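Undergrad: I would like the atomic coordinates for the input below:
(3 chains)
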Amino acid sequence: MTDILIGDPLSARSEILARIRSANRGISVKNRNTNATESWQDIPRTYRQCGTLTEADRVQLLAERLIEYGAGVYRCQSAQVADNIAEILRCRLKRKILLSSDVDPDWLPQNGPAFIHGNALSYPEIEACEGVLTGCTVAIAVTGTLALCHTSAGSSRVLTLLPDYHLCVVQAAAIVETVPEGFRALEPHRLQPITLISGPSATADIEMTRIQGVHGPRVLDCLIVV
Amino acid sequence: MRISLFIACYNDTLFPEIGIAVVRVLERLGHTIDFPLEQTCCGQMHYNTGYQPEALPLLRRFVEVFRDSEAVCVPSSSCVTMMREHYEKIALASGDNTLQSEVAALLPRVYEFTELLVHRLGVEGVGAVYPHRVTYHSSCHSLRNLRLGDVPIRLLSNVRDIELIPMEAADLCCGFGGTFSIKNPDVSGAMLEEKLQYIQKTQAEVCTACDSSCLMHIGGALHRRRAKMRTEHIATILASEVASAALRNGGR
Amino acid sequence: MATIPNVDFKKRRAPDFPSAALPLLQDAQLRSNVRHATGVIQGKRARVVSEMPDWQALRDAGQRIRAHTLEHLDIYLEQFEQRCIAAGGHVHWARDAAEANRIVLQLAQNRTGRIIKIKSMTTEETGLNRALEAAGIRPVETDLAELIVQLGHDKPSHIVVPALHKNRSQVRELFSRTMNLPQLGDRPEDLAEAARVYLRRQFLSTPVAVSGANFLIAETGGVCIVESEGNGRMCLTLPKKLISIAGIDKIIPRFRDLEVLLQVLPRSATGERMNPYNSLWTGVHPGDGPEEFHVVLLDNRRTEVLRDPEARETLHCIRCGACQNACPVYRQTGGHAYGSVYAGPIGAILTPQLAMMERGQSLPYASSLCGACYEVCPVKINIPEILIHLRGRVVTGRPKVLRAFHPEAIAMRAMQWMFLRATRFSMAQRLGRIAQRPWIRQSGWIERLPTVLGGWTRTRDLRPLPPQSFREWFQARSHASMPSQNSSEAPHD
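TA: Next comes the predicted model:
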């Protein structure tokens, strides 16, 4: 692969690196470990690594957080997922829904709205859909965060961006309590695009008043499968 | 205990009543006070204004004067902050090993006045009487650098007949900041104006603090506004007894 | 090593902080907007920080991660470059702002003549928008606040909330005029909706986006961007080409380090447990997002900051803006008084350093050293210490003649001379008592002082020197054989 070279890239690179090395040479750091890997491992991490809540409490906390952020939260047993999805979409008056490839086919209601796979659609076609249905790789209860890992074109980032509505199905088993637990669960996906969603898009740029829904989906619903 | 007093140059010059009050309180508690006359300034003004090399001789002087003291009492949080946060650094930069070890040996014996009372001497009640409404301004150096916490409040609440009124936005800087108040007089004045709203809202008669520098700034604005409230260093309150409190009241 | 381009500081010198602050202090509307906004964010921050029993441990870890990264910055940058290229990205290095802008300009050419942008302090620093406009490319800011700033030909005044100096009716007036919406309401919802409609067309039809970056992950070659509105996600996924400019200080060692930084950043920045959207990506992803991805690694004198052992910690900054919200000085003046892209306490230490101490010399003095900034900093940058250190660099950096004859330097030397002998000090106390006499008013206080001291009496009075200093009192008392009640009377009556 040929890289795109502009200006005098090699000298800029070597010059910046040389400046860094020269600056760092002058710094006498006590007990400085020159091995970056070992020195990284020596960083004390005395913050909370693991939560203490039960699964039921994690579900409860996640739900509270998302509701606080203005999302809709629903809970159901795994056998009733399809019925609940149908009901939620009916109440939201959604008839044409994009489908992310991480959605379990068993979740789809038989007589519900039209579900369209998103992998081959153009932006205007995606935008024309009334909403999107996705799964969730990991959810973090403490922060009310839904982490989506985009594994293929069928679950691409744009699907949850252009439509004005997002329904996210979260398995209770995918809910961790703390942020460090969340990142440990995301670690295997670290080379994929990852979107962390904590409530619908929002801004507080005008007089610090929180307004929900600026550019992303203005409505976020979350169905937790317990 | 024999306690050496480092009074701070501005207290010495502008607010002698603070030193007198400190002497009274500590003597009342049965301690012997010694005031080495060779002392002058801790070097804070030079150091904080950017004249760090100029602070070194003043540090040396402080160490020479107080080297053998059992405990050093300083009725000024900002001076103690200067010593605790910068003396070791200045000594290190000087390359003088003797100075470094002398500073390291001396610093643990240096106390801010209220800290000395509560933490070193274990006293919270000093037998003071002060029949006034008082609000406490927690100076930034007391609050964030020395982390005095409720130490001054504990001392004040043990004063007889005092009425302590808590202040809103207690952690907001009054805008003094040493040479900041001269270099940025307008911003400093605006900060003071905001702080005064909270101070005056308490409707106290007296605003007190562990730093007479903040009080000089706050008191100066109160006087400019011909406000009824006045400022008093915490030491003068803790030194007050019935007679002197009445005298003071009558005199004003 | 190439020389750093000389800055003609006479030409580029902004007014110093005290004079720049003056008109802002008189702008009641601006001050009230700034106080309101900083007050709201501070309150939210305090609430979400108090929820965290391990907050101090997170700050400690954050500090250690940042310090560790700087110690091994060369290794991590090379690692980032290698992994990013391996994932299909392109990596460019820019020694200074001009070089970064040249790189972006060449990459940004496209048939529409415009690019879309995510709010980025780094591109503010390089002046990218001016460079693009000069080359005939229109940069469209997509963050609501940045849009407000751009449409109003204004300047950002806060790292996180750049338009906090504008209130809703000011924004309504601006949008109504520039978007041609005479019926527009002034509820924040109406204004956000107007921006949504206005920008959606731009998102879908602009083939190039420019962003900054919150974190560059050395381990993966990936990038992380933190935002709230979704404009960032639009810019990061819809255009065919994405260019991200990041200071070399934005590197973090590993993916896992986000577990610390993404806890402290949102809570410190906006008072949220987590901001609504965080995007992470690595190079290009077939079928998802841009087909071409470029990172521009910008030095622009960060390596000079790194060279100063007392101040290199400045580069720990993760641009949360908590120090600005906590700062009682910023609270009075807002960001514009700092005359630089980076305002508030972090600006007061970063700006003069990035300018090699040739500009912004008044900024290290624009602080009362109250320490509120240090207390809230999520990566524990000891800003007051660095301010003091930089004051020292301002003093020693003065030209030789000025160093000797600067009035302040003369005063400081005189004070030092005086403090070196107690006899001189007591003599000065006595002289002061005489010299002050003409200035004492009827009230018994000093209400006006000459020269530089006049700053003090502009807003406050000064109690005059009392007739007896403490040392005089103590000496008199010691001379008396035993301490008596009388001798301990206060010199003030």
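Undergrad: show me what contacts the residue located most distally from the centre of chain A?
TA: Summary for chain A: using C-alpha atoms, centre = their mean, the residue whose C-alpha lies farthest from the chain's mean C-alpha position is residue A:26, with a distance of 41.9 Å. Contacts for residue A:26 were tallied using C-beta atoms under 8 Å, 6 or more residues apart in numbering or on different chains; they are C:307, C:309. Heads up, the C-betas are built off the backbone N, CA and C, glycines and all.
Undergrad: For the most centrally placed residue in chain C, which residues are in contact?
TA: Centrality entry for chain C: nearest residue to the mean C-alpha point is residue C:347, 3.0 Å, by C-alpha atoms, centre = their mean. Residues near residue C:347 by C-beta under 8 Å, 6+ apart: C:324, C:335, C:338, C:340, C:341, C:363.
Undergrad: at 6 Å instead, please
TA: For residue C:347, the contacting residues are C:338, C:340, taking C-beta atoms under 6 Å, 6 or more residues apart in numbering or on different chains as the criterion.
Undergrad: quick one: it is in a strand?
TA: No. With DSSP: H, G, I helix; E, B strand; the rest coil as the criterion, residue C:347 is helix rather than part of a strand.
Undergrad: roughly how far apart are it and residue C:277?
TA: In this structure, residue C:347 and residue C:277 are separated by 26 Å, where distance is defined by C-beta to C-beta, to the nearest Å.
Undergrad: One more: residue C:435?
TA: In this structure, residue C:435 and residue C:277 are separated by 64 Å, where distance is defined by C-beta to C-beta.
Undergrad: Could you check which of these two has the larger neighbour count?
TA: Set side by side, residue C:435 and residue C:277 give different neighbour counts by other C-beta atoms under 10 Å in any protein chain shown, the larger being at residue C:277 (27 against 11).
Undergrad: partners of the more buried one in the sheet?
TA: Note on residue C:277: beta-bridge partners by DSSP bridges are residue A:197, residue C:227.
Undergrad: I'd say it and residue C:227 touch.
TA: Yes. Counting by C-beta atoms under 6 Å, residue C:277 sits close enough to residue C:227 to count as a contact (5.3 Å).
Undergrad: three-state assignment of residue C:279?
TA: Counting by three-state DSSP, the backbone at residue C:279 sits in strand.
Undergrad: If you drop the residues flanking it in sequence, what lies closest to it?
TA: Nearest-residue entry for residue C:279: residue C:225, 4.9 Å, with adjacent residues in sequence omitted and distances by C-beta to C-beta, 6 or more residues apart in numbering or on different chains.
Undergrad: Residue A:38: what secondary structure?
TA: At residue A:38 the chain is in helix, as set by three-state DSSP.
Undergrad: number of nearby residues for it?
TA: Each residue near residue A:38 was counted by other C-beta under 10 Å, and the total is 9.
Undergrad: and it, what pLDDT?
TA: According to the prediction, residue A:38 has pLDDT 89.
Undergrad: same thing with the one 4 residues further on?
TA: With respect to pLDDT, residue A:42 scores 93.
Undergrad: ditto for residue A:153
TA: Checking the pLDDT column for residue A:153, the value is 76.
Undergrad: show me what contacts it?
TA: When contacts are counted by C-beta under 6 Å, 6+ apart, residue A:153 is found next to A:119, C:287.
Undergrad: Could you do residue B:76 as well?
TA: For residue B:76, the residues meeting the contact criterion (C-beta under 6 Å, 6+ apart) are B:8, B:211.
Undergrad: how about 7 Å then?
TA: With contacts taken as C-beta atoms under 7 Å, 6 or more residues apart in numbering or on different chains, residue B:76 has the following neighbours: B:8, B:11, B:211, B:212.
Undergrad: Residue A:80 too?
TA: By C-beta under 7 Å, 6+ apart, no residues touch residue A:80.
Undergrad: sec struct for it, please.
TA: helix.
Undergrad: returning to what we had before: how near is the residue nearest to the centre of chain C to residue C:48?
TA: Plainly put, residue C:347 is 24 Å away from residue C:48 if you go by C-beta to C-beta.
Undergrad: Poorly predicted segments of the stretch 101-250 of chain B, please.
TA: Under the criterion pLDDT under 70, the flagged ranges of the stretch 101-250 of chain B are B:242-250.
Undergrad: Just give me the neighbour total for residue A:22.
TA: Neighbours of residue A:22 under the rule other C-beta under 10 Å: 13.
Undergrad: Please apply the same query to residue C:410.
TA: As a burial measure, the neighbour count of residue C:410 was computed by other C-beta under 10 Å and equals 11.
Undergrad: secondary structure element for it?
TA: helix C:407-419 (DSSP states H and E).
Undergrad: Residue A:34 - how many residues pack around it?
TA: So residue A:34, with other C-beta under 10 Å, has 9 neighbours.
Undergrad: Are we agreed that it is in a strand?
TA: No. Going by three-state DSSP, the assignment for residue A:34 is coil, not a strand.
Undergrad: Secondary structure class of residue A:169, three-state.
TA: Taking three-state DSSP as the rule, one finds residue A:169 in the strand state.
Undergrad: does residue C:140 sit in a helix, a strand or a coil?
TA: Once three-state DSSP is applied, residue C:140 turns out strand.
Undergrad: and it, what does it touch?
TA: The neighbourhood of residue C:140, defined by C-beta under 7 Å, 6+ apart, consists of C:114, C:116, C:117, C:202, C:206.
Undergrad: if I look at the closest residue to chain A within the stretch 101-250 of chain C, how far off is chain B?
TA: Relative to chain A, the nearest point of the stretch 101-250 of chain C is residue C:230 (3.0 Å; C-beta to the nearest C-beta). With distances taken as C-beta to the nearest C-beta, to the nearest Å, residue C:230 is found 36 Å from chain B.
Undergrad: Check the burial of that residue by counting its neighbours.
TA: Taking other C-beta under 10 Å as the criterion, the count of residues near residue C:230 is 28.
Undergrad: next one: residue A:67
TA: Applying other C-beta under 10 Å, we find 14 residues neighbouring residue A:67.
Undergrad: wait, is it part of a helix?
TA: Yes. Assigned with three-state DSSP, residue A:67 falls within a helix.
Undergrad: so what's it closest to, chain neighbours aside?
TA: Per C-beta to C-beta, 6+ apart, closest to residue A:67 is residue A:73, 5.4 Å.
Undergrad: Tell me the strands beside the helix or strand harbouring that neighbour, with direction?
TA: Counting by DSSP H and E, the element that carries residue A:73 is strand A:72-76. According to DSSP bridges, strand A:72-76 has the following sheet partners: strand A:219-225 (parallel).
Undergrad: most residues in a single helix of chain A, which one?
TA: In chain A, taking DSSP state H as the definition, the longest helix is helix A:9-25.
Undergrad: Need the contact partners of that helix.
TA: Outside of helix A:9-25, the residues that reach it under the criterion C-beta under 7 Å, 6+ apart are C:1-2, C:71, C:73-74, C:77, C:92-95, C:99, C:248, C:299, C:303, C:306-307.
Undergrad: Model confidence for the residue nearest to the centre of chain C, exactly?
TA: The confidence metric pLDDT takes the value 96 at residue C:347.
Undergrad: What's the separation between it and chain A?
TA: Noted for residue C:347: a distance of 20 Å to chain A, by C-beta to the nearest C-beta.
Undergrad: that older thread, let me know the closest of the contacts of helix A:9-25 to chain B.
TA: Minimum distance to chain B across these is 17.3 Å, recorded for residue C:307 (C-beta to the nearest C-beta).
Undergrad: Show the contacting residues for that closest one.
TA: Contact analysis of residue C:307 by C-beta under 7 Å, 6+ apart lists A:23, A:26.
Undergrad: just residue B:105 next, same as before
TA: Taking C-beta under 7 Å, 6+ apart as the definition of contact, residue B:105 has no neighbours.
Undergrad: Residue C:155 too?
TA: Remark: with contacts taken as C-beta under 7 Å, 6+ apart, residue C:155 is in contact with C:149, C:336.
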